[in-house]
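# Sequence first, predicted model second:
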Protein chains: 2
Amino acid sequence: MSETTRSRIVDAAETLFYAHGLRSVGVDAIAAQAGVTKRTLYYHFESKDALIAAYLEARDASTRSRYRDWLGNDDRPLPDRIESMFAALASHAGQPKWRGCGFTRAAVELAGQPGHPAVLMAADHKQRFEAWLAEELERGGVEAPQALARQIMVLLEGAIALMLVHRDVSYAQAAGEAAASLVANGISSAPALHRNMATRAVG
Amino acid sequence: MSETTRSRIVDAAETLFYAHGLRSVGVDAIAAQAGVTKRTLYYHFESKDALIAAYLEARDASTRSRYRDWLGNDDRPLPDRIESMFAALASHAGQPKWRGCGFTRAAVELAGQPGHPAVLMAADHKQRFEAWLAEELERGGVEAPQALARQIMVLLEGAIALMLVHRDVSYAQAAGEAAASLVANGISSAPALHRNMATRAVG
DNA sequence: GTCTATACACAGATAGAC
DNA sequence: GTCTATCTGTGTATAGAC
């Protein structure tokens, strides 16, 4: 079947691109991993760039649904849900095969080519993610959901980058505590309900 | 002179590696940019990896001194100084040639080779940076300087990554406001002195 | 649709003259 | 110390048979 061949190629591309990066992986390696020849790969994909696009498109939905699971849908307080999301990220990042965010890494690798399709796809993904976060925050009763979503994005992104550099998942915990504090302070402006941010942040 | 030739090569490497990435730039291009031949380049550097190391070493001191300038040394309140640092980052990131953090980008490009010297240099640089931040926070009277320095690192790193992806410097502003709030709350635990984080964060 | 074989450019690195 | 010329591997992509 053509569909299964194509999907095998995409699976191989996902595995190798995420593990080693875009430029480090050649189409030879992807074809070999998929169990086909280069010629077959080029029958299904016009170019390596098209394969990169297919790789990122496959990751988009799965990544967002993963974070949806991490945030959860229960009736717990929103700050706790946010902190749980960061805790799940830390656990995920501790796995040996974890290599950060595939979208950010693609944008970084192609930073010299701002118009590259993969860079645009990365920006779209991040924007959709941020919009989803804002929706969740709004449903949770946050006063300024968009501004807060942006700050949580920064914390997520920074934690991922530093966990990748240092191989130390504690950055996600520090980020999660900061995020939870921001959310807690954004839900109610009554002073009595404010958590002590310094205490939480130091945790 | 041998020294000037070598430094011309390093300058060329800095320009090209930062602009286009490590793997995208070949030694041919660096030699051409430096005005020497490949053979001369290989007389001064054992390998491309050695050249990459020289590139990162040259960036280490300059990057840290740049942030030192941005933070300033005056007697303004620490939260304002931190926010100024993020504002300066935003201004810097708005320049057309800006391409994010060279160290993070190196670590990302080489994520598939965790033991690579450049990855270790990136980790060292980040660690030194974080230690410097902690010192400054401690001098500013912050209660938990190390934990706070780590959170500010996360905010810096995340802002840089998202500015690179979106080409939108407002992420640095959002991060700066969050950082200033964290610092303000970390200086004094007296409730009356706590800034309203939500108000600041939305700004 | 999938194969074998190959074109063509460019990568990092080296030989040996001057 | 710097040059011209070259080696060898690998990169993306293609020709043409089956």
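Structure received.

# Output the set of residues of chain A in proximity to DNA strand D.
If contact is defined as Cβ under 7 Å from any atom of the strand, the residues of chain A in contact with DNA strand D are A:25-29, A:38-39, A:42, A:47-49. Quick note: C-beta positions are derived from backbone N, CA and C, even for glycine.

# and with 6 Å instead?
Along chain A, the residues adjacent to DNA strand D under the rule Cβ under 6 Å from any atom of the strand are A:26-28, A:38-39, A:42, A:47-48.

# In PyMOL, how would I select just the buried ones from these?
The buried residues among the residues of chain A next to DNA strand D can be selected in PyMOL (16 or more other Cβ atoms under 10 Å in any protein chain shown) with this line:
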select buried, chain A and resi 27+48
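
# Now intersect the residues of chain A next to DNA strand D with the helices, please.
Judged by DSSP state H, helices contain the following of the residues of chain A next to DNA strand D: A:27-28, A:38-39, A:42, A:48.

# Quickly check those residues for the two that are furthest apart.
With distances taken as Cβ to Cβ, the most widely separated pair in those is A:Arg39 and A:Lys48, at 14.2 Å.

# which bits of chain A sit near DNA strand C?
By the rule Cβ under 6 Å from any atom of the strand, the part of chain A lying against DNA strand C is A:2, A:5, A:36-40, A:43.

# Quick one: buried ones out of those?
The neighbour-count test (16+ other Cβ under 10 Å) marks A:5, A:36, A:40 as buried among the residues of chain A next to DNA strand C.

# Turn these into CSV, columns for pLDDT.
CSV is the format used below for those (pLDDT from 0 to 100):
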residue, pLDDT
A:Thr5, 96
A:Val36, 97
A:Thr40, 97
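
# ok, back up a step: with pLDDT and distance to chain B added, can I get the residues of chain A next to DNA strand D in CSV?
Shown next, in CSV, are these (pLDDT from 0 to 100; distance: Cβ to the nearest Cβ, whole Å):
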residue, pLDDT, distance to chain B
A:Gly26, 98, 12
A:Val27, 98, 16
A:Asp28, 97, 16
A:Lys38, 98, 21
A:Arg39, 97, 26
A:Tyr42, 98, 22
A:Ser47, 98, 17
A:Lys48, 98, 14
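
# A:Glu135 reaches A:Pro145, doesn't it?
Yes: using Cβ atoms under 8 Å as the test, A:Glu135 is close enough to A:Pro145 to be in contact (7.4 Å).

# more crowded one of the two?
A side-by-side neighbour count of A:Glu135 and A:Pro145, using other Cβ atoms under 10 Å in any protein chain shown, places A:Pro145 first with 19 against 13.

# surely the more buried one meets A:Glu138?
Yes: counting by Cβ under 8 Å, A:Pro145 sits close enough to A:Glu138 to count as a contact (4.0 Å).

# Tell me the secondary structure at A:Gln95.
Per DSSP: H, G, I helix; E, B strand; the rest coil, the local secondary structure of A:Gln95 is coil.

# Phi, psi for it please.
For A:Gln95, the backbone dihedrals are phi -70, psi 140 (criterion: degrees, to the nearest 10).

# For B:Tyr43, see how far away the residue in chain A positioned nearest to DNA strand D is.
Proximity of chain A to DNA strand D (Cβ to the nearest atom of the strand) peaks at A:Gly26, 2.7 Å away. The gap separating A:Gly26 from B:Tyr43 is 31 Å, by Cβ to Cβ, to the nearest Å.

# Ok, A:Ser181 next?
With distances defined as Cβ to Cβ, the gap from A:Ser181 to B:Tyr43 amounts to 56 Å.

# cool, and A:Ala88?
Distance of A:Ala88 to B:Tyr43, given as Cβ to Cβ: 52 Å.

# Also A:Arg6?
Plainly put, A:Arg6 is 49 Å away from B:Tyr43 if you go by Cβ to Cβ.

# Then A:Ala54?
Relative to B:Tyr43, and taking Cβ to Cβ, A:Ala54 is found at 44 Å.

# can you check A:Ala19 too?
36 Å.

# just A:Arg23 next, same as before
Relative to B:Tyr43, A:Arg23 is positioned 27 Å away (Cβ to Cβ).
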